[in-house]
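Undergrad: Any chance you could fold what I've pasted below:
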Amino acid sequence: MGYLISETTREEREKLVYKALGISLSDADYPSEKVMLLVRQYIDGKMELDHIQKLIIEFYQKEGGCN
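TA: You can find the predicted model right below:
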C-alpha cells in the first residue's frame, strides 16, 4: 500500500496518521493545532503528504514553529 490519496481509503489514511502520531509522541510533544489541521486535509483526501510536509517545513523556517 502506498500513501497517496489515490492509493488509500479515508480509513487507511486515518490509521496511517494515528500510527505515525503514536510513534512520534514517544519522543516529542503532541503536534500543534496547525499541524493537526493540515494532517486532517490528508485524511480527508484534500492534500497529499508531500505538500503538507513542505508547508510545515516552510512554516518552521519562517515562524520558528507551528504553534
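
Undergrad: buried ones in the least confident helix or strand in the chain by mean pLDDT?
TA: For the chain, using mean pLDDT, DSSP states H and E, the weakest element among its helices and strands is helix 49-63, scoring a mean of 89. Taking 16 or more other C-beta atoms under 10 Å as the neighbour-count basis, helix 49-63 is seen to contain the buried residues 49, 52, 55-56, 59. For every residue, glycine as well, the C-beta is placed using N, CA and C.

Undergrad: Alpha carbons only: can I get that helix in PDB?
TA: The C-alpha trace of helix 49-63 is given here as PDB (Å, rounded to 0.1, in the frame of the first residue of the first chain):
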ATOM      1  CA  LEU A  49       1.500  14.300   2.500                       C
ATOM      2  CA  ASP A  50       4.400  15.700   0.500                       C
ATOM      3  CA  HIS A  51       2.600  19.000   0.200                       C
ATOM      4  CA  ILE A  52       1.800  19.000   3.900                       C
ATOM      5  CA  GLN A  53       5.400  18.300   4.700                       C
ATOM      6  CA  LYS A  54       6.600  21.200   2.600                       C
ATOM      7  CA  LEU A  55       4.100  23.600   4.300                       C
ATOM      8  CA  ILE A  56       5.200  22.600   7.800                       C
ATOM      9  CA  ILE A  57       8.900  22.900   6.900                       C
ATOM     10  CA  GLU A  58       8.300  26.400   5.400                       C
ATOM     11  CA  PHE A  59       6.300  27.400   8.400                       C
ATOM     12  CA  TYR A  60       9.100  26.300  10.800                       C
ATOM     13  CA  GLN A  61      11.700  28.100   8.800                       C
ATOM     14  CA  LYS A  62       9.600  31.400   8.700                       C
ATOM     15  CA  GLU A  63       8.000  31.400  12.100                       C
END
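
Undergrad: Packing partners of it?
TA: Applying 3 or more C-beta pairs under 8 Å, 6 or more residues apart in numbering; DSSP states H and E, one finds that helix 49-63 contacts helix 33-43.
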